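coordinates only, sequence not included:
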């Protein structure tokens, strides 16, 4: 396993298929990425599912039909296609850090579940590169790039 540290100034250069960021609104890097993504991250978090029309609810209840409510569950991770905005295929935003071990484990699970693409992790303010390396559990020879905030 090769974990490489990148400088913030190099963080937007091409070279990886997937970037992972933490939802940390105080981070200048997060806000910059959201800006270049045309605020897709902010829009996704502010999205509210509309309620069904009252006429539809009446028809459903009069006909003893099952009530369908398309409510979205707040996802643990949000994937955004970023090819038009950054030199990367997609960016995944993971919920804020509870503990370094849990956050790194979540990064690893998501990365593994989508086929282990080349990876750049934008570390949250609460996790150092050493903590990431300590908690990363991949024995294969995949190159991973870390960007400290």
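That came through fine. Since the model is a prediction, treat every value here as computed from it, not as a measurement. Numbers count the residues shown, from 1 in each chain.

contacts and neighbour counts: CA atoms only from here.
Fine.

what about residue 93, which helix or strand?
When elements are defined using DSSP states H and E, residue 93 is found to belong to strand 90-94.

pairing partners for that strand, with directions?
strand 18-22 (parallel), strand 77-81 (antiparallel) (DSSP bridges).

of these, flag the one that's most buried.
Neighbour counts averaged per stretch over the strands paired with strand 90-94 are highest for strand 18-22, at a mean of 23; criterion: mean count of other Cα atoms under 10 Å.

quick one: contacts of it?
Strand 18-22 is touched from outside by 30, 88-97, 107, 117-124, with contacts defined as Cα atoms under 8 Å, 6 or more residues apart in numbering.

out of those residues, which end up buried?
Burial by neighbour count, 16 or more other Cα atoms under 10 Å: within those this picks out 30, 88, 90-95, 97, 107, 118-124.

any idea where the strands of this protein begin and end?
In the chain, the strands defined using DSSP state E lie at 2-6, 18-22, 77-81, 90-94, 119-122, 143-147.
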